[in-house]
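sequence below, structure please.
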Amino acid sequence: MLIQIDEKFKNHKRQFIIQSMMVAGVIAVVMIVMDFISEGVIIASIGASASIAFARPHTMTASSRYLIGSYVFAIFSAWVCSTLMNFLLSVFPSFQRNTALTVFGAMVVGLTVFLTVVTETEHPPASALALGLLISGFNLSRAAEAIIAITIIALLRRIFLKYLMDLY
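Got it, this is the predicted structure:
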């Protein structure tokens, strides 16, 4: 396999380095401030969102509407599916938790995709957030932290937008 260097990089090395460092900085701050280190799947979705926001800042999926809107729908989906799953497990105690997580994990991703597509707030990392919230056990403080984190990312993207270029 031959490694190919992007043509844009050859002419915009500084921009590529600065924007990549911005993503790393934003994620470091979010991880420290929000204490997401133990929430692997949740921080992974936020990391993916930060990558989109700072590597493709001029695309629709990087806009505040898509970043924040998709996370709101992901949280709603996680809450609905978590509530239904916990109800199912309380009514049928012999039902395996792993089986329930498989079924409702698929459902939470599908519901998130549906809601974001219907409302034109598609942002793929939101599905990972919904799945992470379901698997880790939905709780409002984690959901609030995710909204705060994505709002910080959206705000920083907005502040620096005129200095950013689409890297790919």
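
what's the first helix or strand after whichever strand or helix holds residue 33?
Using DSSP states H and E, residue 33 sits in helix 13-34. Counting by DSSP H and E, the next helix or strand C-terminal to helix 13-34 is helix 40-55.

any idea how far that next one is from the chain center?
5 Å (Cα atoms, centre = their mean, to the nearest Å).

what angle do it and helix 13-34 make?
150 degrees (axes from the mean of the first three to the mean of the last three Cα atoms, to 10 degrees).

okay, buried residues for the helix holding residue 33 please.
Within helix 13-34, the residues that count as buried by 16 or more other Cβ atoms under 10 Å are 16, 19, 22, 23, 26, 27, 30, 31, 34. Where C-beta positions appear, they are placed from N, C-alpha and C, glycine not excepted.

skipping adjacent residues, who's closest to residue 154 in space?
Nearest non-adjacent residue to residue 154, counting by Cβ to Cβ, 6 or more residues apart in numbering: residue 64, 4.2 Å away.

coming back round to it: pLDDT averaged over the helix holding residue 33 - what is it?
Averaged over helix 13-34, pLDDT sits at 88.

which other helices and strands does it contact?
Packing partners of helix 13-34 (3 or more Cβ pairs under 8 Å, 6 or more residues apart in numbering; DSSP states H and E): helix 40-55, helix 140-160.

among those, which comes closest to residue 76?
helix 140-160 (9.2 Å; Cβ to Cβ).

isn't residue 46 up against residue 146?
Yes: counting by Cβ atoms under 8 Å, residue 46 sits close enough to residue 146 to count as a contact (6.8 Å).

joint contacts of the two?
Common neighbours of residue 46 and residue 146 (criterion: Cβ atoms under 8 Å, 6 or more residues apart in numbering): residue 129.

quick revisit: which pair of the buried residues of helix 13-34 spans the longest distance?
16 and 34 (27.0 Å).

helix or strand for the residue lying farthest from the centre of the chain, which one?
Most distant from the centre of the chain: residue 94, at 33.3 Å, with distances by Cα atoms, centre = their mean. Counting by DSSP H and E, no helix or strand carries residue 94.

check contacts around it.
Residue 94 neighbours (Cβ under 8 Å, 6+ apart): none.

quick check on it: phi, psi?
phi -80, psi -10 (degrees, to the nearest 10).

returning to what we had before: touching, the residue nearest to residue 154 and residue 156? I think so.
No: if you go by Cβ under 8 Å, residue 64 and residue 156 don't touch, sitting 10.8 Å apart.

how close does the closest residue to residue 54 other than its chain neighbours get to residue 150?
Leaving aside its sequence neighbours, residue 54 sits nearest to residue 23 (Cβ to Cβ, 6+ apart; 4.7 Å). Look at residue 23 and residue 150: by Cβ to Cβ, to the nearest Å, they are 14 Å apart.

fine by me, we can end here.
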